[in-house]
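Engineer: quick one: sequence and predicted model below, then my questions.
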Number of protein chains: 2
Amino acid sequence: MDNIVKEFFKVLDIETVLDLVSQFPPVAAEPVGLAAAGGRILAEDVLAPENLPGFARSTVDGYALCAASTFGASESGPAFFQIVGAVAMGETSRMSVSSGQAVRIATGGMLPPGADSVVMIEHTEALDDTAIEVFRSVAPGQNLIAADEDFERGARIAAGGRHLRPQDIGILAAFGRTQVHVFRRPVVGIISTGDELVSIDTVPAPAQVRDVNSYTLGSLVADTGAVAKGFGIVKDDFPSLYAACAQALDCCDMVLISGGSSVGVRDYTVEAISAFADSEILVHGIAISPGKPTILAKAAQKPLWGLPGHIVSAMIVFTRVTRPFLRHIGGWSNPRAADVAIPARLSRNLASVQGRTDFIRIRLLKRGTELWAEPVLGKSGLLNTMIHADGIIEIGKNIEGLEEGTPVEVMLF
Amino acid sequence: MDNIVKEFFKVLDIETVLDLVSQFPPVAAEPVGLAAAGGRILAEDVLAPENLPGFARSTVDGYALCAASTFGASESGPAFFQIVGAVAMGETSRMSVSSGQAVRIATGGMLPPGADSVVMIEHTEALDDTAIEVFRSVAPGQNLIAADEDFERGARIAAGGRHLRPQDIGILAAFGRTQVHVFRRPVVGIISTGDELVSIDTVPAPAQVRDVNSYTLGSLVADTGAVAKGFGIVKDDFPSLYAACAQALDCCDMVLISGGSSVGVRDYTVEAISAFADSEILVHGIAISPGKPTILAKAAQKPLWGLPGHIVSAMIVFTRVTRPFLRHIGGWSNPRAADVAIPARLSRNLASVQGRTDFIRIRLLKRGTELWAEPVLGKSGLLNTMIHADGIIEIGKNIEGLEEGTPVEVMLF
């Protein structure tokens, strides 16, 4: 096996690895009811099938009228209007408005023919049921939304690959889209390896530990909008790992193998992946810390990852490397732009090794109005450091270290 | 009805409104399987039932030994060790290590008795199967995690009210918590009012519009981790609104009434709420823009909201006012701290009215390494402005305006 391992040993920098997303096709689309489409990734371009709102609507409670009739109106010299009717909500007005006439209208009501503006009720005084005085002039178009002001027919509402936010759902509702096409949620198979692992409902014997990684990774997968599918704990040997990978590749869109941080297990992972027809080891090591021993392979056109065994390393690799791939196969048009980065200033000097990208766990602190990024140092096998951290910063491969006060960007967990 | 409306008319500032959260009790807790607990709110304090990892574990591949035997070792003067065995993963070592002896160990393996440190394989050379040279000294405790280094027995792992992140799920897994108690997801009833509204599967007649608000608010509710329950479109009259509220209060933990932006509908909302026994109008108007006509009442100990009809106003009120209440009844210990605020600099001068809090829609732009907040101006009835916006900034009630370049905090949508 040593030959295979060495032949494929490729330590790449993180940017090169991230550029490999294009090797993997996105999953198929599926129709989904609009109420369930929030947070999903749109799989179609949506054009406005009609103008929105489709008719001129008042944005205030008041009177629809011709703006020209109000010109010059003031507190001391109000303009006089005859009330010729009222607009009922949801109904078209039967009466038309001429110069010197006004029609009662509520917020959201449709402007009657002849009216080009609305005066707010606060700027009027009713003389009786048939007449008002207006104390301010309005301009044509004032206090209304024009028929095509929100969207013009044919305008692009949303492009495929968009992550649907509540406002997108609102716009799709406005255009009567009871159903939209979104990308299917990718299914991610999770395999834990390690002879020391026991399931979480077991009391570990000395030297054993419970399977933390499956649960942590499953939660990260769910947070990304995908579906985690566990394949349990697999022994550190080739036949077990090969069988589990075959099963996972068969029904998942991506596979995560986690726990194999010892040299032997990494070899088994490479050996198992290489045994699949048309498989290819794309990455065997990334110039990052933590997370160097990460493996990425392509098998059955699907990404298959060998993640570091230390849970902190696995989380960081998932967050910064694996997740953009998962978003990509889930249809996101710009998977790397989706993360929120918070600008802050570094609270202390940090050393870093040139030639690799370092990820440092960070706690955010507020001092006055400024945010400071305080490094949370600790071994990558310690879960407690991840509880105390709010996110991570990245120190580029050409940087030797960062000084206290340097502006940094904190990527939140 | 005018008397009731006037009697209760209370325009409050936003801070006073937000302080009212304490009037509402959180929902009950329920047990949930750990794999489904991510994103939920913990309803119990969890203490570490045992030390973690529970035994000293190697963090590298190498040799377990007594650190003292390596002191003074160097490239030119290596220390010599006799290999007395190997630690199998997940098994306790039967042999003990004495001075000058070493035991093979992989990452994650349990230290054998007598060993106090691990030397990395890279710093050794095997002479044969039974002996190695060590080229660097190690300190006691080096390259291992002590038995109680991650968590000490009795330490608090997580407090009730915590929003469970993937790392929290990992720690609960580490301690064998197959099930945890979390707060039940609050159920939020959504009622749309307006005679101009039609359901989204209908082609609106002139003057009619589709029910955008139910879908937008439903998506916001789901984003908050709660369950949206639609009660359809209700006519603008007292009996219809009262009946819908009664039905919603009966089976929901919070009720949103949306669409009533005209004065008449606001009156019906107040009238309908006041008709419930033990109901109380807590807020009738908030000194914010947009969103002034917001109503908050308590009925059956539950918050009942009258949200503005304009969708942009409704979204902003939900995000900045309603959501902290929803999180509170959903068990969050610090509901107002949960939002992510991004520091940025304002791209242009902004005027603001004193005496009220203004919310301005913002698009984030990157200029060099700095983030700039560019106001997205537009009427609050226009959905398109919300698509273009990334978030909002708040201009406090005592501020007359902000100058270009002022540091602001953008709360993301």
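Structural biologist: Here it is on my side, so go on.
Engineer: determine the longest helix present in chain A.
Structural biologist: helix A:238-251 (DSSP state H).
Engineer: name the residues that touch that helix?
Structural biologist: Helix A:238-251 is contacted by residues A:187, A:189, A:191, A:193, A:229, A:231-232, A:234-235, A:255, A:257, A:268-269, A:271-273, A:275-276, A:299-300, A:302, A:304 when judged by C-beta atoms under 8 Å, 6 or more residues apart in numbering or on different chains. C-beta here means a position set from N, CA and C on the backbone, and glycine is covered the same way.
Engineer: and if we set it to 6 Å?
Structural biologist: A:Gly189, A:Ile191, A:Phe231, A:Val234, A:Val255, A:Tyr268, A:Glu271, A:Ala272, A:Ala275, A:Ala299, A:Ala300 (C-beta atoms under 6 Å, 6 or more residues apart in numbering or on different chains).
Engineer: stretch A:382-400 now?
Structural biologist: Contacts for stretch A:382-400 (C-beta under 6 Å, 6+ apart): A:312, A:352, A:354-364, A:373, A:376, A:378, A:408, A:410-413, B:150, B:167, B:170-171.
Engineer: next one, pLDDT for the residue nearest in space to the middle of chain A please.
Structural biologist: The centroid of chain A falls nearest to A:Ala338 when counting by C-alpha atoms, centre = their mean (5.1 Å). pLDDT recorded at A:Ala338 is 75.
Engineer: likewise for the one 3 residues further on?
Structural biologist: pLDDT recorded at A:Ala341 is 87.
Engineer: surely it and A:Pro407 touch.
Structural biologist: No. If you go by C-beta atoms under 6 Å, A:Ala341 and A:Pro407 don't touch, sitting 11.3 Å apart.
Engineer: between the two, which has more neighbouring residues?
Structural biologist: A:Ala341 (16 against 12; other C-beta atoms under 10 Å in any protein chain shown).
Engineer: give the rounded mean pLDDT of stretch A:321-328.
Structural biologist: For stretch A:321-328, the mean confidence score works out to 97.
Engineer: what does stretch A:388-400 give?
Structural biologist: 93.
Engineer: list the buried residues for the longest helix of chain A?
Structural biologist: Buried residues in helix A:238-251, counting neighbours by 16 or more other C-beta atoms under 10 Å in any protein chain shown, are found at A:Ser240, A:Leu241, A:Tyr242, A:Ala244, A:Cys245, A:Ala248, A:Leu249.
Engineer: one more: stretch A:81-92?
Structural biologist: A:Phe81, A:Ile83, A:Val84, A:Gly85, A:Val87, A:Ala88, A:Met89, A:Gly90.
Engineer: partner strands of the one helix or strand A:Leu296 maps to, parallel or antiparallel?
Structural biologist: According to DSSP states H and E, A:Leu296 maps onto strand A:295-299. If you go by DSSP bridges, strand A:295-299 pairs up with strand A:280-284 (antiparallel), strand A:302-307 (antiparallel).
Engineer: highest average neighbour count across the ones you listed?
Structural biologist: Of all the strands paired with strand A:295-299, strand A:302-307 has the most neighbours on average by mean count of other C-beta atoms under 10 Å in any protein chain shown, namely a mean of 26.
Engineer: how far away from the center of its chain is it?
Structural biologist: 22 Å (C-alpha atoms, centre = their mean, to the nearest Å).
Engineer: got it, and stretch A:305-312?
Structural biologist: Counting by C-alpha atoms, centre = their mean, stretch A:305-312 comes out at 24 Å from the chain centroid.
Engineer: contacts for stretch A:12-23?
Structural biologist: So stretch A:12-23 is contacted by A:Leu282, A:Val283, A:Ile286, A:Ala287, A:Ile288, A:Pro324, A:Phe325, A:His328, A:Thr357 (C-beta under 6 Å, 6+ apart).
Engineer: among the buried residues of stretch A:81-92, which are within reach of chain B?
Structural biologist: Intersecting the buried residues of stretch A:81-92 with the surroundings of chain B, defined as C-beta under 6 Å from any C-beta of the partner chain, gives A:Met89, A:Gly90.
Engineer: max pairwise distance over the buried residues of stretch A:81-92: which two?
Structural biologist: Maximum pairwise distance in these, criterion C-beta to C-beta, is 24.3 Å, between A:Phe81 and A:Gly90.
Engineer: drop anything exposed from the contacts of helix A:238-251.
Structural biologist: A:Gly189, A:Ile191, A:Phe231, A:Val234, A:Val255, A:Tyr268, A:Ala272, A:Ala299.
Engineer: tell me the least confident of those residues?
Structural biologist: Scoring these by pLDDT puts A:Tyr268 last, at 82.
Engineer: now name the helix or strand holding that one.
Structural biologist: Secondary structure (DSSP H and E) places A:Tyr268 in helix A:263-274.
Engineer: in terms of secondary structure, what does the top strand by length along chain A contact?
Structural biologist: Scanning chain A for the strand with the most residues, using DSSP state E, yields strand A:357-367. Contacts defined by 3 or more C-beta pairs under 6 Å, 6 or more residues apart in numbering or on different chains; DSSP states H and E place strand A:357-367 against strand A:370-375, strand A:391-395.
Engineer: and the last one, which strands flank it?
Structural biologist: Strand pairing for strand A:391-395, using DSSP bridges, gives strand A:357-367 (antiparallel), strand A:407-412 (antiparallel).
Engineer: quick check: angle from it to strand A:370-375?
Structural biologist: 80 degrees (axes from the mean of the first three to the mean of the last three C-alpha atoms, to 10 degrees).
Engineer: hmm, who's touching the helix or strand that comes right after strand A:391-395?
Structural biologist: Following strand A:391-395 in sequence order, the next helix or strand is strand A:401-402 (DSSP H and E). Outside strand A:401-402, the residues that touch it by C-beta under 6 Å, 6+ apart are A:Leu346, A:Leu350, A:Ala351, A:Ser352.
Engineer: now the helix or strand hosting A:Arg345, how far from the centre of its chain.
Structural biologist: A:Arg345 belongs to strand A:341-346 when assigned by DSSP H and E. Counting by C-alpha atoms, centre = their mean, strand A:341-346 is centred 20 Å from the centre of its parent chain.
Engineer: following element in sequence after that strand, please.
Structural biologist: Strand A:341-346 is succeeded, C-terminally, by strand A:350-351 (DSSP H and E).
Engineer: what residues does the stretch 101-250 of chain A put near chain B?
Structural biologist: So far as C-beta under 6 Å from any C-beta goes, the stretch 101-250 of chain A lies against chain B at A:106-108, A:110, A:145, A:150, A:166-167, A:169-171, A:173-174, A:176, A:178, A:195-196, A:200-201, A:206-210, A:212, A:215-216, A:218-220, A:222.
Engineer: sorry, back to before: which of the contacts of stretch A:12-23 has the largest number of neighbours?
Structural biologist: A:Ile286 (26 neighbours).
Engineer: so it bridges to which residues?
Structural biologist: Beta-bridge partners of A:Ile286, as defined by DSSP bridges: A:Leu12.
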